[in-house]
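Participant: Mind looking at a prediction? Sequence and model below.
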Amino acid sequence: MSEQSLFRVEDLRLSLPDLVGKSFVGLAARIEILRGISFTIQRGKVLGIVGGSGSGKSTLARALVRLLEPTSGRIVFDGQDISHLDEQALRPLRRRFQMIFQDPMSSLNPRRRVKGIIAAPLRLHGLTGIDRRVDEALDHVGLPRGFRNRYPHELSGGQRQRVGIARAIALRPEFILADEIVSGLDVSSQAQVLRLLEGLVAELGLTLAFISHDLSVIRRLCDDVMVLRAGQIVEMAPSAEIFAAPRHSYTRGLLDAIPLPTLDQPGWN
Amino acid sequence: MTALLEIENLSVALKNGPRLLRSVSLRLDRGEVRGLVGESGAGKSMIGKAVLGILPRSAEVVEGRILLEGTDILTLPPAERRRRIGRIAALIPQDPLTALNPSHRIGPQITDRLVDILGWKREKAEARALELLAEVNISAPARVMRNYPHELSGGMRQRILIASAFAAEPALIIADEPTTALDVTVQKQILKIIAGMQARHGTALLFVTHDLGVVSKVCQSLSVLYAGKVLEDTQVADFFRAPGHAYSAALLAATPKYTDPEGSLMPVGPEVLAAVQAEVDAADREWRHV
Amino acid sequence: MLDGRGSINRRVGARLWLSGGWLLIVCLASAFAPMIAPQDPLAQDLMSGQLPPFWVHGTEPGFWLGTDSLGRDVLSRIIWGGRIALQVALIAGTLTALVGSTLGLVAGFYRGWADRIISRLVDIWMAFPPVLFSILLVAVLGTGLRSIIIAIVVIDWTRFARVIRAEAMNQGAMDYVAAAQVAGFSRQRTMLTEILPNVLPTIVALLSLEMGIAIIVEAILSFVNLSISTDAPTWGGMIAEGRTTIYQAWWVLVFPLIALFLTVLSFSQFGEGLKDRFDPVLR
């Protein structure tokens, strides 16, 4: 069964320097953001990771794609322990796991055109037929090929997020981590981007981790849901189960707090 | 009876530019809670800013009237207008992190306005502030009054801003996306506090939001906006039964609803957008003609 | 909307053209000084001392902007002085930008010990009063163009280092840097291809300011007689000399001052204009 799991995370702990309480001299104290997290992501599945602010979900995201190095514990990607690999050793693996960022304005270099943004990683990994691949990636995310020569600030929020997705899928990775990718978008673009992602997962056979503070956008997309609080897993279960009958009161509270667009929601009067 | 707020044919435009609000009309009675709903760029915040007289410098009112308690505030001289708006209306801002001055304690930030502008005695203002902080469920109001903003969480700060808005018993409060920056659980508390305060004080509320879920919980009526045009002006009960405009219906279908995964998160179709854009263009042509 | 943008562009254009035009004049005049200057800038003629400019009664033809108390032609001296001013501006400005920006970029992007060392160095530097520091340096290095340029670079690199460090830190926190890392780019490559293009407009703006400052520093050093050599015509030296005869011959002071003022102003305006015109983000 082990070849089934693409990611295996064991007792992951991660501390970061506490910048707020930084003392005048010496090193800043460290605070533990992730406090012993273990889970696996099966190949071809979509895992939702949910939590409020301060739950550590973004830190977990950045540790998974090794933007951060774990303090202890193991992250195993396709049988290989990547917890402490250096950049050089990671480089060949980088092509296989990609990330889509929360704020598409900040994650796209403002001084590069769309084609440059999508093509740079392709060139780095020595791929051929770059122009064709850029066009394909744009086709996949439903952007006209004419957008190749635009700058990020000439696009709408939803279009920018599509460029971010195009950059990630152009490398044909096996795994994509999507960190709060719809939270800054209007509901109409939010729905479009989610549908797009849903289609890409099926079409390209992607494994996906979808991070969100909002349980309500996760229901459709995710096979499993993990609920995080204060750096620990509160509950992890198949999506249908969590929404129908959450076992933990924290999850229950998160669900009840979502204002549904209906007039007859219990607990709101 | 005259309405508390009546906006008639209000158009706001960038200087020498296109209209940001397109002949907006809406009415708000005393004690009514009306949602202003739309996506980014729909002009929903712009309406609130126009009523409060805080439009950005680049924008100007090109036609229309804003009647506040029967007086058109647009015809008043600036000083008079500011005084009048200050007496009748208040704002709950969107971002609790930047809306409080980081270098002042909480207490004066609530009481200064009462003392300096409304001429209250300081003791009376402080007593009032304590009372209101307790009313928004802040457990140690006297201590919080002495805190600086950075010592408090986002939810706490938003509650302080709510207390501050209600302090002078305004007849109208404009809440500009007051919970967008907050976690869902905190959002629920804040929405309940706003609803409770509104009901107790009988304040009319203009609630600007992009979230139809929030509208269904706090509003009685709503106006749906697209590109600065009011598409629909209706009661919440009617709206959630059957939206009156194709675009509003599409917006409702796009809103996430975990109880109905197949029927929600539907992308707004290009034909709906084309139709509503055509409607806006037609209104512009007619407006230019007049 | 279009009208609004058009007028902004026109204003940007005017700024760019006016400042660029003046700088072009100064450049051409400096390059062709031997051909253009009507007189020998060093030729003294005590008989025609303190001649007024051409429009004032009692002047002599050929001395357009008058002469100083030793009878040297003011216009010719300004033209030759511009040569030195420009050299200082271009060489010292560019070197300062290069040294300061490199250190600032490294400190702001790599952080860690590199940042600690560079930042402490900047702090120590900032504790020296710059003008006294430069006088001290030139006194130690000896006068001459090269000493002045070294003094300016040694003193002013912190201006770039501080600003570019802060800017690199801001940019480094952006997700596009994380995206480059996820793609597998090396740190060095990320700094050069992702961060540098984003701080370049700031470097250009600072550089144009720095060129003006370099001219002023050179003028100050000439003013206190620590510049090239006593008889070489420099704007600062002319201002110093003109000061003593301001009541008899104001033109000796005023014309080099105008040249200095316009050139320094043009450098800063030219930099801003370039930034507004060619930055894709602002445009």
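Facilitator: That came through fine. Numbering: from 1, shown residues only, chains lettered A, B, ... in the order given.
Participant: So what's the residue count around the residue of chain B at minimum distance from chain C?
Facilitator: Relative to chain C, the nearest point of chain B is B:Gly17 (4.5 Å; CB to the nearest CB). Quick note: C-beta positions are derived from backbone N, CA and C, even for glycine. Neighbours of B:Gly17 under the rule other CB atoms under 10 Å in any protein chain shown: 15.
Participant: Shouldn't A:Ile233 be within a helix?
Facilitator: No. Secondary structure of A:Ile233, determined by DSSP: H, G, I helix; E, B strand; the rest coil: strand, with no helix assignment.
Participant: Let me know the secondary structure of B:Val224.
Facilitator: Criterion first, three-state DSSP; result for B:Val224: strand.
Participant: surely it meets B:Leu231?
Facilitator: Yes. B:Val224 lies in contact with B:Leu231 (CB atoms under 8 Å); the separation is 4.9 Å.
Participant: So for the two, which sits in the more crowded spot?
Facilitator: Using other CB under 10 Å, the more surrounded residue of B:Val224 and B:Leu231 is B:Val224, with 27 against 22.
Participant: separation between the more buried one and C:Met238?
Facilitator: Relative to C:Met238, B:Val224 is positioned 72 Å away (CB to CB, to the nearest Å).
Participant: in which helix or strand would I find B:Val208?
Facilitator: B:Val208 is located in strand B:204-209, with elements delineated by DSSP states H and E.
Participant: mean confidence score for that strand?
Facilitator: For strand B:204-209, mean pLDDT rounds to 96.
Participant: Partner strands of that strand and their direction?
Facilitator: With DSSP bridges as the test, strand B:204-209 is paired with strand B:33-37 (parallel), strand B:172-176 (parallel).
Participant: Most tightly packed of those?
Facilitator: Of all the strands paired with strand B:204-209, strand B:33-37 carries the top mean neighbour count, a mean of 26, counting by mean count of other CB atoms under 10 Å in any protein chain shown.
Participant: Report all helices and strands that the helix ranked longest in chain B contacts.
Facilitator: When chain B is parsed with DSSP state H, its longest helix is helix B:270-289. Helix B:270-289 is packed against strand B:19-28, strand B:229-235, helix B:246-254, with contacts defined by 3 or more CB pairs under 8 Å, 6 or more residues apart in numbering or on different chains; DSSP states H and E.
Participant: Adding distance to chain C and mean pLDDT, write those out as a markdown table.
Facilitator: Listed next are those as a markdown table, based on distance: least, CB to the nearest CB, whole Å; pLDDT from 0 to 100:
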| stretch | distance to chain C | mean pLDDT |
| --- | --- | --- |
| strand B:19-28 | 11 | 95 |
| strand B:229-235 | 18 | 96 |
| helix B:246-254 | 24 | 94 |
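Participant: Out of these, which is closest to C:Leu16?
Facilitator: When the helices and strands packed on helix B:270-289 are compared by CB to CB, strand B:19-28 sits nearest C:Leu16, at 31.6 Å.
Participant: Any buried residues in that closest one, and which?
Facilitator: By 16 or more other CB atoms under 10 Å in any protein chain shown, the buried positions in strand B:19-28 come out as B:Arg19, B:Leu20, B:Leu21, B:Arg22, B:Ser23, B:Val24, B:Leu26, B:Arg27, B:Leu28.
Participant: Equivalent analysis for stretch B:164-184, please.
Facilitator: Residues of stretch B:164-184 classed as buried by neighbour count (16+ other CB under 10 Å): B:164-168, B:170-179, B:181-184.
Participant: Would you mind stating the distance between C:Phe261 and chain B?
Facilitator: Distance from C:Phe261 to chain B, counting by CB to the nearest CB, to the nearest Å: 33 Å.
Participant: Export the helices and strands packed on helix B:270-289 as JSON lines, with columns for distance to B:Thr203.
Facilitator: What follows is the helices and strands packed on helix B:270-289, written out as JSON lines (distance: least, CB to CB, whole Å):
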{"stretch": "strand B:19-28", "distance to B:Thr203": "11"}
{"stretch": "strand B:229-235", "distance to B:Thr203": "19"}
{"stretch": "helix B:246-254", "distance to B:Thr203": "26"}
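Participant: between those, which one is nearest to A:Glu32?
Facilitator: Among these, helix B:246-254 comes nearest to A:Glu32, with 39.2 Å by CB to CB.
Participant: Give me the contact status of that closest one with chain A.
Facilitator: Yes. Helix B:246-254 is in contact with chain A by CB under 8 Å from any CB of the partner chain, via B:Ala250, B:Leu251, B:Leu252, B:Ala254.
Participant: quick one: contacts for the last one?
Facilitator: It refers to B:Ala254. A:Val187, A:Ser188, A:Gln190, A:Ala191, B:Ser264, B:Leu265, B:Met266, B:Pro267, B:Val268 (CB atoms under 8 Å, 6 or more residues apart in numbering or on different chains).
Participant: One more: the third one?
Facilitator: The contact partners of B:Leu252, taken as CB under 8 Å, 6+ apart, are A:Pro261, B:Leu212, B:Phe239, B:Phe240, B:Pro243.
Participant: One more pass at 10 Å, please.
Facilitator: For B:Leu252, the contact set (CB atoms under 10 Å, 6 or more residues apart in numbering or on different chains) comprises A:187, A:261-262, B:37, B:212, B:215-216, B:224, B:239-240, B:242-243, B:264, B:266.
Participant: residues in the stretch 51-200 of chain C within reach of chain A, list them.
Facilitator: Contacts of the stretch 51-200 of chain C with chain A, taken as CB under 10 Å from any CB of the partner chain, map to C:171, C:173-187, C:189, C:193-198, C:200.
Participant: Quick one: low-confidence residue ranges for the stretch 51-200 of chain B.
Facilitator: Within the stretch 51-200 of chain B, no stretch has pLDDT under 70.
Participant: can you give me the helices for it?
Facilitator: Along the stretch 51-200 of chain B, the stretches classed as helices by DSSP state H, counting those that start in this stretch are B:78-88, B:106-116, B:122-135, B:141-146, B:154-166, B:184-201.
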